[in-house]
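Visitor: Okay, here's the prediction I keep looking at, along with the sequence it came from:
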Amino acid sequence: MLEDTVINEFRVKPISPEKVVSSVDGEIAYSLESIPHGKCVMPAKEKEIISQIHATDTTLGFESETECDFDPYNIETYNADGSENAHYQYGDHAPGEEKYQEECRFKPGDKVLCLMFEGYDAVFPGIVVGPLTEEYLRNLYETDEDMQIGYSSADEAVEQWLDWDWDSVIVRPLARLKNDWEEMGDTVMVNRVYVFPYKKYQV
């Protein structure tokens, strides 16, 4: 079932030093603070609602999120100034489909800020490597024990990988983090809509 659209503001705040594995050239990672700003029954009003939210010095950006059966269905992210950042619409992102490797506004080599939930709830700097590929996922399966527990083979991982997760870019973290069960490798997958322009914050 399609849910109402939820408006969120993303802010950064200091991260616990215990969560930082390493950093390059003084690069800084941040803890993520998600602030709800209510629901939007009429999608056309999303931009209007976001334009009325006062951004702070620590605002990374905003999100309008619509879920269907608990999965992302339609997500729009905005920069702190209210300008559009990226848009995700469910469907056709798997290999061979129309929106496979949907174009990202950031190119390989660009320095960016990445927002990641998945037990991290953090914002970290990184360098864009490129879009997620089937080859990358297959190689990851060979070394990732959690993936090997969840899937019986690389073929199964590719076949069952969610549309939402296919719409990701590969990033080389400039500040590597850890959560309660893993730490970031040399590269990580980041959902395309959660890649934002690079900035250093005073927190």
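Guide: Yes, it's here.

Visitor: which residue of the chain sits farthest from its center?
Guide: In terms of distance from the mean C-alpha position of the chain, S152 ranks first, at 26.3 Å (Cα atoms, centre = their mean).

Visitor: Pull up the gap between that residue and V158, please.
Guide: According to Cβ to Cβ, to the nearest Å, S152 stands 12 Å off from V158. From N, CA and C alone the C-beta is placed, and that goes for glycine too.

Visitor: ditto for E145
Guide: Here the criterion is Cβ to Cβ. By it, E145 lies 18 Å from V158.

Visitor: Under the pLDDT cut-off, which ranges of this structure? List them.
Guide: 42-44 (pLDDT under 70).

Visitor: mind listing the helices for it?
Guide: Taking DSSP state H, the helices of the chain run over residues 46-51, 134-143, 145-150, 154-160, 163-166.

Visitor: Mind listing what's buried along the shortest one?
Guide: Meaning helix 163-166. Residues of helix 163-166 classed as buried: D163, W164, W166 (neighbour count, 16 or more other Cβ atoms under 10 Å).

Visitor: which residues touch the spatially closest residue to E46 that is not a sequence neighbour?
Guide: Sequence neighbours aside, S64 is the residue nearest to E46 in space, at 4.3 Å (criterion: Cβ to Cβ, 6 or more residues apart in numbering). S64 makes contact with T5, V6, I7, N8, C40, P43, E46, I50, N74, I75, E76, Y78, according to Cβ atoms under 8 Å, 6 or more residues apart in numbering.

Visitor: Go again with 7 Å.
Guide: The contact partners of S64, taken as Cβ atoms under 7 Å, 6 or more residues apart in numbering, are T5, I7, C40, E46, E76.

Visitor: and what of S23?
Guide: Contact criterion Cβ under 7 Å, 6+ apart gives L174, A175 as the residues in contact with S23.
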